[in-house]
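K.L.:
Here's my sequence, what's the structure:
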Amino acid sequence: MSPRKRKKQPDALDWLILQVIAKWLKHKGYPPTVREIQQEANASSTSVVDYHLRWLENHGYLERNTDGDGKRKARNIRLTQKGIAALRSHDVLDVDATPDDELQALGQLARVRRSQRLEEVLRVAREEAVKARQSFNRLVSIPVAGRIVASQPIPTFPEGYTAEENIDVPESLLPATTKPLYALEVQGDSMIDALIGDGDIVILEETQEAANGDLVAVWLKDSNASTLKQFYAEYQNGQIKKVLLKPKHPTMKAIEIDDPSQVEIKGKVVLVIRKPGQGAHKPKTD
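P.N.:
Sure, this is the predicted structure:
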């Protein structure tokens with residue numbers, strides 16, 4: 001068997017690899033990895049691509065840079081002037097639209113695009129930081145409607161309430177909602193496992209709807225009473241059959257209501273403000 005002749009000119013796969021590299025540099029601003037070249041050139045393996053890259057490098061069509069340890073980087077390919085000229089001669093690059101020093105232009109393009117992307121990321125981050133500071137510093141005055149018992153229901157829920165006082169809350173702690181908000185002072189410890197204790201303030205979003213697991217203030221029509229509990233509904237044929245109002249306390253039992261029409265949801269807890277010095281937190285529902 002005669003020895004395989006060494007090629008002196010780029011073959012079809014060499015040209016395709018050069019085209020892939022040029023396309024990435026022009027349109028993405030950085031070179032492809034060996035794996036990306038393999039996929040776009042439909043080469044059989046990355047080893048085949050690496051062989052052709054070595055040939056192109058040895059014959060002056062491209063350069064592959066290394067890091068300080070002599071290892072090749074993932075995106076380390078740079079077309080040489082010879083490579084650019086070869087692509088032009090095969091009508092791969094638009095001569096009229098391409099500067100004479102294509103190598104320099106492509107390198108500058110890659111650097112500019114990376115710089116632009118970084119600047120855009122930094123700009124957005126700065127804007128978001130400013131918004132966060134403004135939101136945190138901006139206070140929302142929320143009416144305190146009264147007290148609500150977190151143990152057994154008592155007839156204290158304010159009907160058409162007039163706020164006794166207001167509480168100022170940083171806007172950043174509140175949900176993005178168009179619904180009115182109001183506050184209630186909690187009495188009792190039946191919600192202690194939800195990190196809501198006696199004397200805490202709960203901020204509620206006015207609503208008449210709740211999902212299972214929501215912490216809600218409810219009005220019990222038959223007993224003319226209010227309470228703060230975790231809401232659960234049992235369904236039958238798509239309709240609510242029974243309502244369970246569960247405390248978050250290891251020794252207390254749920255209130256079972258067989259007539260759902262007797263339960264009127266007044267609000268859903270969106271924020272808990274602990275007693276002075278204990279901070280604030282979102283409602284703990286699990």
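K.L.:
from here on, contacts and neighbour counts on C-alpha atoms
P.N.:
Will do.
K.L.:
what does stretch 168-184 contact?
P.N.:
Residues outside stretch 168-184 that contact it (CA atoms under 8 Å, 6 or more residues apart in numbering): 132, 135-148, 167, 201-207, 270-271.
K.L.:
and what of stretch 191-207?
P.N.:
150-151, 179-190, 228-229, 247-249, 265-275, 283-286.
K.L.:
repeat that with 6 Å
P.N.:
180-189, 247-249, 266-275, 284 (CA atoms under 6 Å, 6 or more residues apart in numbering).
K.L.:
and those residues, which are buried?
P.N.:
Neighbour counting by 16 or more other CA atoms under 10 Å classes 181-189, 247-248, 266-274, 284 among the contacts of stretch 191-207 as buried.
K.L.:
Of these, which belong to strands?
P.N.:
Taking DSSP state E as the definition of strands, the buried ones among the contacts of stretch 191-207 contribute 181-187, 266-273.
K.L.:
Identify, from those, the entry nearest to residue 39.
P.N.:
Among those, residue 270 lies closest to residue 39 (CA to CA), at 50.1 Å.
K.L.:
what's the distance between the closest one and residue 173?
P.N.:
9 Å (CA to CA, to the nearest Å).
K.L.:
And for residue 46?
P.N.:
When distance is defined by CA to CA, residue 46 is 52 Å away from residue 173.
K.L.:
wait, what's in contact with residue 46?
P.N.:
35, 38.
K.L.:
Tell me the pLDDT of it.
P.N.:
On pLDDT, residue 46 comes in at 89.
K.L.:
quick one: residue 208 and residue 265 touch, right?
P.N.:
Yes - Residue 208 is within contact range of residue 265, at 4.8 Å (criterion: CA atoms under 6 Å).
K.L.:
Pull the number of nearby residues for the nearest residue to residue 64 once chain neighbours are set aside.
P.N.:
Residue nearest to residue 64 in three dimensions, not counting chain neighbours: residue 77, with 4.6 Å by CA to CA, 6 or more residues apart in numbering. Other residues lying near residue 77 total 22 when counted by other CA atoms under 10 Å.
K.L.:
ok so residue 77 is a helix residue?
P.N.:
No - assessed with DSSP: H, G, I helix; E, B strand; the rest coil, residue 77 is strand; it does not lie in a helix.
K.L.:
how near is it to residue 24?
P.N.:
From residue 77 to residue 24 the distance is 11 Å (CA to CA).
K.L.:
mind listing the strands for the stretch 51-200 of the chain?
P.N.:
Listed in chain order, the strands of the stretch 51-200 of the chain (DSSP state E, counting those that start in this stretch) span 62-66, 72-79, 139-149, 165-170, 181-187.
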